[in-house]
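K.L.:
output the structure for:
(chains A and B)
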Protein chains: 2
Amino acid sequence: MTTGKIKDLSRLCIHTITTKPWDIKTAVERYAAEGVPALSVWREALAGRDVAKTGAWIRSQGLEIVSLVRGGFFPSVSREKRESALEENRKAIREAALLGAPMLVIVPGADPAQPLEESRSQIREALEVLLPEAERAQVKLAIEPLHPMYADTRSAVNTLAQANELAEYFGSPWTGVAVDVYHLWWDPALEQEIARCGRNGNLFAFHICDWLSPTNDMLNDRGLMGEGCIPLRRIRCRVEEAGFTGYHEVEIFSNRFWAGDQEVFLRKIKKAYLEHA
Amino acid sequence: MTTGKIKDLSRLCIHTITTKPWDIKTAVERYAAEGVPALSVWREALAGRDVAKTGAWIRSQGLEIVSLVRGGFFPSVSREKRESALEENRKAIREAALLGAPMLVIVPGADPAQPLEESRSQIREALEVLLPEAERAQVKLAIEPLHPMYADTRSAVNTLAQANELAEYFGSPWTGVAVDVYHLWWDPALEQEIARCGRNGNLFAFHICDWLSPTNDMLNDRGLMGEGCIPLRRIRCRVEEAGFTGYHEVEIFSNRFWAGDQEVFLRKIKKAYLEHA
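P.N.:
Predicted coordinates for the structure are as follows:
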């Protein structure tokens, strides 16, 4: 059983949304200056930019691109909206390829106007359509189960068991799962489902942050590692025991941190990562 | 398969917290005047009152008392706090008996300073201690699994499967489960776990309200039945198919409704109950 501390920054990745006030140029330069070796790029950060050139420039700064975030949001009672979601995801797959990101994170989506079962069917159908396109583009799709408090509008896939079932249904090297501690820490089946995810070759990504008590905002009040109650090191060790050797991606949505100095925040992230991840 | 609409108010029960601005006297009088046949009493509503006399008076007004709400909050890293939680629960059991409530709702609790597994052990140990006392007092304990967004401080029991396991572990007619749609609607295993709960004689209580999109407050922004995305009628029918013949308890925490006229709200509850439950 792995229980070790993090030794260095070599597996640290930061999502651009984490330092949202910075544009992508500033983020990349500051991450590089602080020795952060990788990032995941949010699509918002690419708006108005040449995606291929941005990808090449990021690599020229010495950073690895772990994933493009995010596709998904498939379900809708409206066929028209489902079709336009598919189009948007095709665009996201192309963007990932242009950027040189090997993976697109999929937030499945949900529509409160229909039963969860219907949303789940639509998610599976959409992935069925997109999978050949993802394979052609050589972009992996990482299905991210979201916390049950987002079951109304953001994801009808709310447990790692559900995401595992979906990934196993496709049984493709191009679909897998993004495990995010924020969404999954409470689940009594978490450890067994992490093992299953790894065993089936579906553990594509690992996202970290913390759960604050109290949490003052359902979306944008995530904590820095160590500030909350998630047994982060324990989960990270289970993820590694399951065969995961990829990056530990810091994804923090936080009005509190976004309102402050991002340089200070970046140094706090490094410190918290080394002490608590 | 039951799919029928609610026919009348004969199974309607309201939690006193739902009309929090009213003291218990006003609540009982207004419920009675509007033909609501039952209520569940929050302990806060009994503060400073003679509990036995209040229970007798409620019955004299023609209302049935379904449960006393709430006991629980067992886990803590501090032994002293665990002991005082047990004392508080002994008091709650005595209060339920004095009030003439056949059941005490148990919100299990959680302490973010320790792993969920530890909180779960402490919940089981506390119930083990209290069960003989509940039996002596002829008060049933209804374990309520809470939504995973409350796993940090309010409940380490977050799915109906977990609550079922707990109740089955005791295998006593004095412990069972309170099924609340707000906490459980997202769970892909909900229907099978409702069937299991009924099959094992553990379906003690059924609480209703709705999930709003968006939800603006993690605690006090619950919706009136029909305002949100919970498939309420479908869940109620599964609960009845599982053998449940008890009351449908309206439990709505809502800053929005509490800020308004409670008479108007009460009439809305009746209407929403008949149309959507």
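K.L.:
excluding chain neighbours, give the residue nearest to the residue in the stretch 1-150 of chain A positioned nearest to chain B in space.
P.N.:
For the stretch 1-150 of chain A and chain B, the shortest gap (C-beta to the nearest C-beta) falls at residue A:112, measuring 3.5 Å. Just so you know, the C-beta spots here come from the backbone N, C-alpha and C atoms, and that holds for glycine as well. Excluding its sequence neighbours, the residue lying closest to residue A:112 (C-beta to C-beta, 6 or more residues apart in numbering or on different chains) is residue B:229, at 3.5 Å.
K.L.:
state the number of residues packed around the one you found.
P.N.:
22 (other C-beta atoms under 10 Å in any protein chain shown).
K.L.:
if I look at it, how far off is residue B:210?
P.N.:
Per C-beta to C-beta, to the nearest Å, residue B:229 is found 7 Å from residue B:210.
K.L.:
repeat for residue A:165
P.N.:
In terms of C-beta to C-beta, residue A:165 sits 28 Å off from residue B:210.
K.L.:
out of these two, which sits in the busier spot?
P.N.:
Neighbours per residue, other C-beta under 10 Å: of residue A:165 and residue B:210, the larger number sits with residue B:210, 21 against 16.
K.L.:
quick check on that one: phi, psi?
P.N.:
phi -150, psi 160 (degrees, to the nearest 10).
K.L.:
in this structure it contacts residue B:232, no?
P.N.:
Yes. Counting by C-beta atoms under 8 Å, residue B:210 touches residue B:232, with 6.8 Å between them.
K.L.:
what's the overlap in contacts for the two?
P.N.:
Common contacts of residue B:210 and residue B:232 (C-beta atoms under 8 Å, 6 or more residues apart in numbering or on different chains): B:181, B:225, B:226, B:276.
K.L.:
of all these, which two lie farthest apart?
P.N.:
The largest distance within those, taken as C-beta to C-beta, falls between B:181 and B:226 and amounts to 12.2 Å.
K.L.:
need the overlap of contacts for these two.
P.N.:
B:210, B:232.
K.L.:
looking at these two, which is more packed in?
P.N.:
residue B:181 (25 against 16).
K.L.:
endpoints of stretch A:16-24, how far apart?
P.N.:
7 Å (C-alpha to C-alpha, to the nearest Å).
K.L.:
now do it, average pLDDT.
P.N.:
Per-residue pLDDT values over stretch A:16-24 give a mean of 98.
K.L.:
ok, stretch A:244-258 near chain B or not?
P.N.:
No. Counting by C-beta under 8 Å from any C-beta of the partner chain, chain B has no neighbours in stretch A:244-258; the shortest distance is 14.5 Å.
K.L.:
in a strand, residue A:206, correct?
P.N.:
Yes. Residue A:206: assigned to a strand according to DSSP: H, G, I helix; E, B strand; the rest coil.
K.L.:
residue A:254 and residue A:216: what is the separation?
P.N.:
10 Å.
K.L.:
which one's more surrounded, those two?
P.N.:
Per other C-beta under 10 Å, whichever of residue A:254 and residue A:216 has more neighbours is residue A:254, with 22 against 11.
K.L.:
identify the bridge partners of the more buried one.
P.N.:
As for beta bridges, residue A:254 partners with residue A:221 under DSSP bridges.
K.L.:
who are the contact partners of it?
P.N.:
If you count contacts by C-beta under 8 Å, 6+ apart, then residue A:254 has A:220, A:221, A:222, A:223, A:224 around it.
K.L.:
pull out the buried residues from those.
P.N.:
A:221, A:222, A:223, A:224 (16 or more other C-beta atoms under 10 Å in any protein chain shown).
K.L.:
closest to chain B among those residues?
P.N.:
residue A:221 (9.7 Å).
K.L.:
following the chain onward from the longest strand along chain A, which element is next?
P.N.:
In chain A, taking DSSP state E as the definition, the longest strand is strand A:64-72. Counting by DSSP states H and E, the element after strand A:64-72 in chain order, helix or strand, is helix A:79-99.
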